[in-house]
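Visitor: My questions concern the predicted model and sequence given below.
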Amino acid sequence: MNPPPSPRTTRVSPPPLLAVAHGTRDPAGVAVTEALVDRVRATRPGLQVELCFLDLVAPSLPQALARLRGEVVLVPLLLGAGYHVRTDIPEALAAAPWLRARTARALGPDPLLAGALRDRLTDAGWRPGDGPVVLAAAGSTDPGANADAAAMAALLHDRLPGTDEVVPAYLCAAGPTPAEAVAALRAQGHPKVAISGYLLTPGFFTRRAAHSGAPLTSAPLGNHQAVARLVLHRYDEARACPVPS
């Protein structure tokens with residue numbers, strides 16, 4: 001007598017990851033964002049990964065949400081939890097009631113970013129003992145987002161042996177600016193100061209950071225493998241949470 005057939009198991013696909021980027025007028029910035037998302041796809045084959053932008057670039061967040069059904073996990077490609085995370089994304093989701101959506105935390109602060117920032121500094125020529133570092137963040141009117149940047153400066157300091165100080169600075173909306181931080185450190189007797197660009201992609205802010213008076217400015221984080229891993233880590237964190245009713 002033949003044994004009864006085994007019950008069929010249905011494999012449930014994981015919900016799509018919708019990467020939500022800021023947006024920029026700089027084509028190089030858009031290309032780097034797309035390259036980062038490609039790296040996320042390559043790191044986890046089989047996961048549907050989509051990209052949208054909060055401003056300036058299509059598809060917009062509402063356009064991306066309109067194309068999706070069922071469950072989705074939004075991962076902000078943003079380094080701090082400012083206005084976009086607290087207001088723009090929730091408002092867009094409130095206008096898309098057909099979706100069961102979870103939203104991940106912003107990418108920063110995180111030790112994975114500290115490692116990527118160290119790599120970018122090393123790529124630019126920084127070496128241990130070269131002097132203090134200024135962490136040049138975008139800056140925000142949201143104090144919480146600026147506090148995230150300050151926490152990131154502390155994490156970066158832990159990854160830079162022999163560095164006396166990592167000073168957080170802000171390219172807009174808060175102070176000190178990177179230029180002010182560089183000038184203050186030089187006035188304290190540090191002739192060699194490096195700027196760590198705490199930015200995801202090239203654009204207006206990267207150019208402003210490079211003109212802050214430091215002899216060395218690192219490139220933005222870009223499509224560093226650690227950033228791709230962090231995007232997936234944020235996705236997994238959010239997916240483990242219950243879907244909001």
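Guide: Happy to help now that I have it.
Visitor: Do a quick rundown of the strands in this protein.
Guide: Taking DSSP state E to define them, one finds strands in the chain at 17-21, 49-53, 70-76, 99-103, 133-137, 166-170, 194-198, 216-217.
Visitor: Any chance of those in CSV with mean neighbour count, mean pLDDT and distance to Ile89 as columns?
Guide: Every residue, glycine included, has its C-beta placed from N, CA and C. Shown next, in CSV, are those (neighbours: other C-beta atoms under 10 Å; pLDDT from 0 to 100; distance: least, C-beta to C-beta, whole Å):
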stretch, mean neighbour count, mean pLDDT, distance to Ile89
strand 17-21, 26, 98, 6
strand 49-53, 20, 98, 11
strand 70-76, 21, 97, 6
strand 99-103, 20, 97, 6
strand 133-137, 29, 97, 20
strand 166-170, 24, 97, 22
strand 194-198, 28, 97, 21
strand 216-217, 20, 96, 30
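Visitor: I'd like the distance from the worst-scoring helix or strand of the chain on mean pLDDT to the chain centre, please.
Guide: Sorting the helices and strands of the chain by mean pLDDT, DSSP states H and E puts helix 83 at the bottom, at a mean of 79. Remark: helix 83 is offset 15 Å from the chain centroid, using C-alpha atoms, centre = their mean, to the nearest Å.
Visitor: and what of stretch 208-227?
Guide: Chain-centre distance of stretch 208-227: 14 Å, with C-alpha atoms, centre = their mean.
Visitor: can you give me the end-to-end distance of that stretch?
Guide: End-to-end distance for stretch 208-227, by C-alpha to C-alpha, to the nearest Å: 23 Å.
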